[in-house]
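Model the structure of this input:
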Amino acid sequence: MGDYQTIIQQITKILAERTTIKPEDLQPDMQLQAIGLDSFARIQLVLAMEEQFGFELSDSEAADLSTVDDLVNVILVKQTCTNNPG
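Below is the predicted model of the structure:
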């Protein structure tokens, strides 16, 4: 299970690989669309997150992702649910 800082570092790396923005310029409140993620790139991002963190996002969960912070928070929730089922 990761903490916020660890997850944001991993997300930053994933985003930097898929956009032209530098990792040090990414901020938690940045809109995904503003950093160059169109709908196709968002699908690729979700797939990369699923692979990196070992869980699947539903279509509605993926649609609700609009900021970098949203990405981190959905991972934290998924990890909590996985580690504390029921």
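
Isn't Gln52 up against Lys13?
No. Contact status for Gln52 versus Lys13: not in contact, 9.0 Å apart, counting by C-beta atoms under 8 Å. C-beta here means a position set from N, CA and C on the backbone, and glycine is covered the same way.

pLDDT wise, what is the most centrally placed residue in the chain at?
For the chain, Leu71 is the residue whose C-alpha lies nearest the centre (C-alpha atoms, centre = their mean; 3.2 Å). Confidence at Leu71, expressed as pLDDT, is 94.

what comes up buried for whichever strand or helix holds it?
In the assignment (DSSP states H and E), Leu71 maps to helix 68-83. Going by neighbour count (16 or more other C-beta atoms under 10 Å), the buried part of helix 68-83 is Val68, Asp69, Asp70, Leu71, Val72, Val74, Ile75, Lys78, Gln79.

Could I get those residues in CSV, plus columns for distance to Leu26?
Shown next, in CSV, are the buried residues of helix 68-83 (distance: C-beta to C-beta, whole Å):
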residue, distance to Leu26
Val68, 6
Asp69, 11
Asp70, 13
Leu71, 10
Val72, 11
Val74, 17
Ile75, 15
Lys78, 21
Gln79, 21
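
now, which of the residues you listed sits nearest Thr19?
Proximity of the buried residues of helix 68-83 to Thr19, judged by C-beta to C-beta, is greatest for Val68, which lies at 11.0 Å.

Any figure for the gap between that closest one and Asn84?
25 Å (C-beta to C-beta, to the nearest Å).

sorry, back to before: which other residues reach the helix holding Leu71?
1-2, 4, 7-8, 11-12, 15, 26-30, 32, 35, 45, 49, 53, 55, 57, 61, 64-65 (C-beta atoms under 8 Å, 6 or more residues apart in numbering).

let's see it at 10 Å
For helix 68-83, the external contacting residues (C-beta atoms under 10 Å, 6 or more residues apart in numbering) are 1-12, 14-15, 26-32, 35, 45-46, 49-50, 52-57, 61-62, 64-65, 67.

next one: stretch 24-40
So stretch 24-40 is contacted by 4, 8, 11-13, 15-16, 18-21, 41-45, 65-73 (C-beta under 10 Å, 6+ apart).
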